[in-house]
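Enquirer: below is the sequence, then the predicted model.
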Amino acid sequence: ENCHPGLPLGEREARLAHDEAWARRFESEPLAEVLADWYQQGVFADLDEEQRERQLARRLGNDGHAVAAMLRASSLGRQPDLAPWLAATLLPVIYVSGRRDRKFHDLACQLGSKNPKIRHLTLDGGHNLHASQPAQFARILRVWAGQQREESTDD
């Protein structure tokens, strides 16, 4: 769901620096201020002001130091680049993207064009499809899981 396969080695240092800057803000600034800026990032462009406020309110109970630790530990700059593996895998893969999350939708289109085993499904939504369209997202997963089970028992 709107995920990134990983950055090439040459792009990881910049991403680590980007995530470190956010981590420092989460550690040192009022959480409400940092979250207000966080939800202005392009990845959340599909959210209207009311939705941004709801997201912010949901996260106000978080601990800024814990968020900083999570950002440092899970930074895209620390993850391996799995794009070559995805281009070559024989395993079935489903990638669900939101039409209004341009970055990840375009990425899903690129990945899907490189390997016919990657099934790309699009919903009319943004980055957090599981939250904005939980019933549709769950249905997609149920259907896909059922197809995999049927294929594995056909042998």
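Expert: Okay, I see it. Numbers count the residues shown, from 1 in each chain.

Enquirer: show me the domain layout of the chain.
Expert: Domain segmentation of the chain under the TED database yields 9-78, 82-151.

Enquirer: the last one: how far from the chain's middle?
Expert: Spelled out, it's domain 82-151. Relative to the centre of its chain, domain 82-151 is centred 11 Å away, using CA atoms, centre = their mean, to the nearest Å.

Enquirer: buried ones in the worst-scoring helix or strand of the chain on mean pLDDT?
Expert: Sorting the helices and strands of the chain by mean pLDDT, DSSP states H and E puts helix 134-153 at the bottom, at a mean of 81. If you call a residue buried by 16 or more other CB atoms under 10 Å, then helix 134-153 has these buried ones: 136-137, 140, 144. To be clear about C-beta, it is placed using only N, CA and C from the backbone, and glycine gets the same treatment.

Enquirer: from those residues, pick the one nearest P80.
Expert: Closest approach to P80 among those (CB to CB): W144, at 24.4 Å.

Enquirer: my guess is the closest one contacts I94, does it?
Expert: Yes. The pair W144 and I94 passes the contact test of CB atoms under 8 Å, sitting 4.9 Å apart.

Enquirer: please, where are all the helices along the protein?
Expert: For the chain, applying DSSP state H gives helices covering 9-28, 31-38, 49-59, 64-74, 83-88, 102-114, 129-132, 134-153.

Enquirer: the first one to helix 64-74, inter-axis angle?
Expert: The directions of helix 9-28 and helix 64-74 differ by 170 degrees, with axes from the mean of the first three to the mean of the last three CA atoms, to 10 degrees as the criterion.

Enquirer: send the alpha carbons of helix 9-28 over as PDB?
Expert: The C-alpha coordinates for helix 9-28 follow below in PDB (Å, rounded to 0.1, in the frame of the first residue of the first chain):
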ATOM      1  CA  LEU A   9      22.700   3.800  -2.400                       C
ATOM      2  CA  GLY A  10      23.500   7.300  -3.700                       C
ATOM      3  CA  GLU A  11      20.200   8.700  -2.400                       C
ATOM      4  CA  ARG A  12      20.200   7.200   1.100                       C
ATOM      5  CA  GLU A  13      22.500   9.800   2.800                       C
ATOM      6  CA  ALA A  14      20.200  12.700   1.800                       C
ATOM      7  CA  ARG A  15      17.100  10.800   3.100                       C
ATOM      8  CA  LEU A  16      18.800  10.000   6.400                       C
ATOM      9  CA  ALA A  17      19.600  13.700   6.800                       C
ATOM     10  CA  HIS A  18      16.000  14.600   6.000                       C
ATOM     11  CA  ASP A  19      14.600  12.100   8.500                       C
ATOM     12  CA  GLU A  20      17.100  13.200  11.100                       C
ATOM     13  CA  ALA A  21      15.900  16.800  10.800                       C
ATOM     14  CA  TRP A  22      12.300  15.700  11.400                       C
ATOM     15  CA  ALA A  23      13.500  13.500  14.300                       C
ATOM     16  CA  ARG A  24      15.200  16.500  16.000                       C
ATOM     17  CA  ARG A  25      12.100  18.600  15.600                       C
ATOM     18  CA  PHE A  26      10.000  15.900  17.200                       C
ATOM     19  CA  GLU A  27      12.400  15.700  20.100                       C
ATOM     20  CA  SER A  28      12.700  19.500  20.700                       C
END
